[in-house]
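Participant: one predicted model, sequence on top.
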Amino acid sequence: MQRKLAAITGVQGYLPEYVLTNQELETMVDTTDEWILSRTGIKTRHILKDDGLAASDLGVEAVKGLLEKTNTKVEEIELLICATVTGDRVFPDTANTICDKIGAKNAFGFDINAACSGFLYALTTGSKFIETGTYKKVVIVGVDVMSSIIDYTDRATCVIFGDGCGAVMLEPNEEGLGLQDSILRADGNGRHYLHMKAGGSLKPPSIESVQAKEHFVYQDGRPVFKAAVKGMTNAIKDLMEKNKLQTEDIAWLVPHQANKRIIDSVADFCNFPTERVMVNIQKYGNTTSGTIPLCLWDWEKQLKKGDNVILTAFGGGFTWGATYLKWAY
Ligand code: UT7
């Protein structure tokens, strides 16, 4: 008998309306469209401008669209996992706020904080509840409102990040389609290179911490760049070797969208032709937990049932990994 697998049966994205262009950034910090485009590949990013709205509101819009698309009643959702580093509040979690706002009364939920690898961590975690037969409808949300933790006077970070959300439905599949395997990794020593200095138990918020701008993203770009290329390349290679896959067996590579140069290097080291690598960083920038589901959403019409797809991510923590799945519809 075929093993029960967790298959993605629908994907939906949501982006806030406001578009922040490189030209507008040129008026805010000492940068140029040329520098941003050549160093990162980004042209525009979406920013949540509405006061009073937060990560959960982007999640609500994406999940509502997902339910409609997959003909799912909200009461059928049993579990909702939300990957985010910019949840509505430090606590409680954003997953349960989304469930409350959409009326998912039969679901429980929790957040996963693995920065840019959050969606992969959440997808792999959620798939286990399907594979074991525990649940039949699991929603995975990847959402970040990076603009809420970005210093728009720091040119090294403000040009990179954007806000956005993607959500997928996971359901059981007994035809061999769905998530086949994942390799997830972490190295806590990476925390020194990418973090927020204050706001946690190490350094609770204070007037001094706000004045010192310690509630924004701090990133030492170069070591993160190198670790990202190495981490994603090794995770993809290990996953392909473990599953006896050759490059020609893979229909699509879906990399986390942190920097076009990182994506190109990873694709190059893994011998992936660029036409089979999903890239939408030019439109959305780095939306952290949102990048991978937003790629799947943009490419949904081109994906075919049975396509072998590899997802890969690298982020703060450090966290990284790769997931191999067979597209199910
Ligand atoms: O998503 C999770 C993980 N994050 C990542 O994967 C990001 C990894 N890192 C990167 O993508 C790149 O390191 C950055 C895009 C952040 C920076 O690019 P870089 O090519 O590594 O630049 P750099 O930090 O080495 O800086 C080179 C120069 C510096 O000037 P000097 O010291 O050489 O005079 C920076 O001050 O570029 C300068 N610079 C800028 N210039 C114009 C930095 N940001 C800007 C800017 N506009 N926005």
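Facilitator: Yep, it's here. Residues are numbered from 1 along each chain as shown.
Participant: could you use CA atoms for every contact and neighbour count after this?
Facilitator: Fine.
Participant: identify the bridge partners of F161.
Facilitator: Under DSSP bridges, the beta-bridge partners of F161 are N286.
Participant: and the residue nearest to the spatial centre of the chain, what does it touch?
Facilitator: With distances taken as Cα atoms, centre = their mean, S289 lies nearest the centre of the chain, 2.6 Å away. Taking Cα atoms under 8 Å, 6 or more residues apart in numbering as the contact definition, S289 lies against A83, T84, V85, A115, C116, S117, G118, F119, G142, V143, D144, C165.
Participant: next, the distance between the ends of stretch 71-91.
Facilitator: Stretch 71-91 has an end-to-end distance of 31 Å (Cα to Cα, to the nearest Å).
Participant: nope, stretch 42-49 is what I meant
Facilitator: In stretch 42-49, first residue to last residue: 20 Å (Cα to Cα).
Participant: same check on stretch 209-223?
Facilitator: Stretch 209-223 end-to-end distance (Cα to Cα) = 25 Å.
Participant: that one: which residues count as buried?
Facilitator: Residues of stretch 209-223 classed as buried: K213, E214, H215, F216, V217, Y218, Q219 (neighbour count, 16 or more other Cα atoms under 10 Å).
Participant: would you reformat those as JSON lines and include secondary structure and distance to L184?
Facilitator: Formatted as JSON lines, the buried residues of stretch 209-223 follow (DSSP: H, G, I helix; E, B strand; the rest coil; distance: Cα to Cα, whole Å):
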{"residue": "K213", "secondary structure": "coil", "distance to L184": "32"}
{"residue": "E214", "secondary structure": "coil", "distance to L184": "29"}
{"residue": "H215", "secondary structure": "coil", "distance to L184": "28"}
{"residue": "F216", "secondary structure": "coil", "distance to L184": "27"}
{"residue": "V217", "secondary structure": "strand", "distance to L184": "24"}
{"residue": "Y218", "secondary structure": "strand", "distance to L184": "24"}
{"residue": "Q219", "secondary structure": "strand", "distance to L184": "22"}
